[in-house]
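In: Got a sequence here, can you model it:
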Amino acid sequence: MNNRRVLGIIFLFLILISAISLVSAEDRSYSIEHSWIDLTVGSNGLLHVNETFQYSFDGEFSGVYRDITIRDGQNISNIKVTADGAYPVLKQENQDGKKHLVINLYSDAAHTKKIKDCEVKVTLNYDFSGVVTLYNDTGLLQYNMWGKNWDTGVGGIDLKIHAPGNKNNEIYFTPSDLIKSNNTDGNLITATTNSIPDDKVCGFVLLMPVDDFNNASYARHLNENGKEQVLKSINDSLNGEKFWNSILSFLTFIPFLSPIGAIIIYLRHGREPKVDYDGIYERELPTNDSPAVVNALVDNKSDIGNPNMKGFEATILSLIDRKVLDLYSKENSETETHDLFLTFNYDSKNELSDSETIVFDTLENFADDGTLNLSTLNDTLQNCFNAGWFADQIKNWQSHVIFELDDNGVESYFNDTGSSQMFGLAIFGIVLGIAIAAIGFFFGGTHTLTTIVAGIALLVFSIILLFIPESVFGQWTEKGRLFYLKWSNFKKFLQDNSLIKEHPPESIVIWKQYLIYGAALGVADKVYDAMKLQMPDIYDYNDGIFLYHNYGGYYMMHNAYYIGDHMGDSSSSDSFDFGGFDDFGGGGFDGGGGGAF
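Out: So this is what the prediction gives:
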């Protein structure tokens, strides 16, 4: 199988497996449609939190949980929970570095029935100390509205902040492209966000005049000036965010460059030269080239110049026709079918070309006393050593056919510069497409969907390029173009029974040539059907070429090639948080996480 097709099939298989893995095996799901966060910063440094989450449950659930990260010097108290649409029961656990709140939700007041297929608003109220940091020159609240430890995203957040004073409050959001709107009116700051994916961070830094705080026993105190350093870090983070957004925007544009590159390659290397030939079909063999050469240049469009198994079989038929090989059939009494046997004329071996000699030697290697039973060749190739040797001989034969094309090899017929460049473009596009999709998945922020789609689009387009015939982006020479057109027209003639009926061959010798080259061009069945129509007495000819076709010689060799190729191969191969600000002095809140169970 052609390497390009193998790569394409592998990547298509990986995409299929990835798509299947995205399908959840569970029969239930939930989402957080919206969230409302109301923060009150007291002049004593205590932060009062009121947060509401609107859950939508599909299926049966026991409740939800909320993890609130607690750093050194911080404390949570006065935790209360209410719910609209269910009856809540709160359980608190102090775990390493966090407060784990388990909220069981029931559909009845007796707490006996779990919730199912419903929407519930869960509201948490608590006081948070040690979150506000007071420097000598500013007060600081660093707060993530959404943390990286949620197991789902949120449809959007409405934020309210009540600052202790109504002047000179400065707020900075990150990532800024997640913020839909924000407004500051005295001590009230409001904002709304776009939808936030899971594992993404969305937060803010609020700078407040230090004079607005009085007896701030619930705040962290740092006896140093911090505003300048905080502003510098914010500016660096926002600049980094802009740079990263520019990168993501560029990555979503890249997939458009691949088709443009393909068009440029085609225009430079894919357009065919004009030749002085306008034939519709060919009745006679256009050239004196061997069937293997014709097969290599005309039939194998995905790897021009490299013959396939049809060329190997056509060579066998040619050797039979020239009496180098003799084929006869014999009835098998056990299977009640006919077995095909080959015998070898060693005296004629010296007259063969190198590639024909390889075909002769390959078959003779499996003969017993000069006779090969083609019907049992498949069984012989079940042995890994035999299969590996057979596969190597096929590859050796292919390379020698290429050498026999011309003194300059394939190059005198076909220039593969364009197809090679396209192959490189496809491989580069596959790697880049996977990288772009991965970047979008892990770091995309609001660009997640567009970046992932762009990466997948580039990946799919690049895989398609692997399946495009080499002749599309490569270019025939004038000699090769004339060769290809004539032999393609001869193939058309062989495929059209009406043309053969109109211009039938004058002798059985011509019919045999049709069958040999029909095998090389992949239309042997068409030729044989035409022969049966034109020569009703064809079964009276005890000729090896007809026997090979009539008793399934093609199937035997194709199956042998498949076994040899596959058995031979087997024997020979015995925390990046987007948009997050720096951690200023160890204070603030990282957003924590949550989920449902």
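
In: any low-confidence regions in this structure?
Out: In the predicted model, the chain carries pLDDT under 70 at residues 1-26, 241, 333, 335-336, 406-408, 443-447, 532-542, 550-596.

In: Can you pull the domain assignment for it?
Out: If you go by automatic domain parsing, the domain ranges for the chain are 29-225, 245-271+417-473, 275-413+475-572.

In: can you name the farthest residue from the center of the protein?
Out: Largest separation from the mean C-alpha position in the chain: Asn215, at 60.1 Å (C-alpha atoms, centre = their mean).

In: so it makes contact with Gly42?
Out: No - at 10.2 Å, Asn215 does not count as touching Gly42 under the criterion of C-beta atoms under 8 Å. In this view, the C-beta of every residue, glycine as well, is placed from N, C-alpha and C.

In: mind listing the strands for the stretch 301-450 of the chain?
Out: Ranges of strands within the stretch 301-450 of the chain are 325-332, 337-344, 371-373, 414-415, based on DSSP state E, counting those that start in this stretch.

In: Thr52: which of those strands is closest?
Out: Thr52 sits nearest to strand 414-415 of all the strands of the stretch 301-450 of the chain, at 68.3 Å, using C-beta to C-beta.

In: Show the subsequent helix or strand relative to the longest helix along the chain.
Out: Ordering each helix of the chain by length in residues (DSSP state H) puts helix 227-265 first. Downstream of helix 227-265, the next assigned helix or strand under DSSP states H and E is helix 291-294.

In: what's that next one packed up against?
Out: With contacts defined as 3 or more C-beta pairs under 8 Å, 6 or more residues apart in numbering; DSSP states H and E, helix 291-294 has these neighbours: helix 309-321, helix 384-404, helix 508-520.

In: Adding distance to Asn125 and mean neighbour count, write those helices out as CSV.
Out: CSV is the format used below for these (distance: least, C-beta to C-beta, whole Å; neighbours: other C-beta atoms under 10 Å):
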stretch, distance to Asn125, mean neighbour count
helix 309-321, 76, 25
helix 384-404, 72, 18
helix 508-520, 83, 23
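
In: mind putting those in CSV, distance to Ala438 included?
Out: Supplementary listing: the helices and strands packed on helix 291-294 in CSV, determined by distance: least, C-beta to C-beta, whole Å:
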stretch, distance to Ala438
helix 309-321, 39
helix 384-404, 36
helix 508-520, 45
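
In: Minimum distance to Phe473: which of those has it?
Out: Nearest to Phe473 among these is helix 384-404 (20.0 Å), distances taken as C-beta to C-beta.

In: between that closest one and helix 309-321, how big is the angle?
Out: Relative orientation of helix 384-404 versus helix 309-321 (axes from the mean of the first three to the mean of the last three C-alpha atoms, to 10 degrees): 80 degrees.

In: What helices and strands are in contact with helix 384-404?
Out: Contact analysis of helix 384-404 by 3+ C-beta pairs under 8 Å, 6+ apart lists helix 291-294, helix 309-321, helix 354-365, helix 553-572 as its packing neighbours.

In: hang on, the earlier thing: deepest of the strands of the stretch 301-450 of the chain, which one?
Out: Comparing the strands of the stretch 301-450 of the chain by mean neighbour count (mean count of other C-beta atoms under 10 Å), strand 414-415 comes out on top with a mean of 22.

In: which residues are in contact with that one?
Out: For strand 414-415, the external contacting residues (C-beta atoms under 8 Å, 6 or more residues apart in numbering) are 269, 297, 304-305, 471, 474-477, 480.
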